[in-house]
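**Student:** Just to be clear, the model below is a prediction. Sequence and coordinates:
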Amino acid sequence: MTITGKPDEILPTSVRTEALEQLLTERGLIDPEVVDGIITEYETNVGPLNGAKVVAKAWTDPEYRQRLLQDGTAAIKELGFSGPMGWHIVVVENTPTTHNV
């Protein structure tokens, strides 16, 4: 340990996460199956891959692209995306003079 009481080396996040999960499980504060379900949900159903699917569809289907620009919420619902992350989606288009991030 250093003078400040902090460890000289901080363990990798994955190791610390596993230790925290194990401790919380041993104390009966979490159910590892529930944690696994949440992780799976975020790995497969939430995140940037969904946005990439929407963009790819818009690139390859001009009619879908128009629907997406007109009503983003309805258009993403066509691809099965809804819920808290998809209740109100506004889609804007990049132009030669404007790039949206």
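**Tutor:** Nice, I can see it. Quick caveat, the model's predicted, so the values are computed rather than measured.
**Student:** where does the chain have low pLDDT?
**Tutor:** 1-8, 85-86 (pLDDT under 70).
**Student:** hmm, 90 instead?
**Tutor:** Filtered on pLDDT under 90, the chain yields the residue ranges 1-11, 38-51, 80-89, 100-101.
**Student:** ok, which stretches of it are helices?
**Tutor:** Assigned by DSSP state H, the helices in the chain fall at 13-26, 32-44, 48-60, 62-70, 72-78.
**Student:** now the angle from the third one to helix 62-70?
**Tutor:** In this structure, helix 48-60 runs at an angle of 120 degrees to helix 62-70, with axes from the mean of the first three to the mean of the last three C-alpha atoms, to 10 degrees as the basis.
**Student:** Which neighbouring elements make contact with helix 48-60?
**Tutor:** helix 62-70 (3 or more C-beta pairs under 8 Å, 6 or more residues apart in numbering; DSSP states H and E). Using the backbone N, CA and C atoms, a C-beta is placed for each residue, glycine as well.
**Student:** picking that back up, just name the most buried of the helices of the chain.
**Tutor:** Stretch with highest mean neighbour count among the helices of the chain: helix 72-78 (a mean of 16; mean count of other C-beta atoms under 10 Å).
**Student:** Would you mind pulling the contact partners of that one?
**Tutor:** By C-beta atoms under 8 Å, 6 or more residues apart in numbering, the list of residues contacting helix 72-78 from outside reads 54, 64, 67-68, 82, 86-91.
**Student:** Out of those, which comes closest to residue 33?
**Tutor:** residue 82 (25.0 Å; C-beta to C-beta).
**Student:** Quick one: neighbours of the closest one, just the number.
**Tutor:** The local packing of residue 82 (other C-beta atoms under 10 Å) involves 12 other residues.
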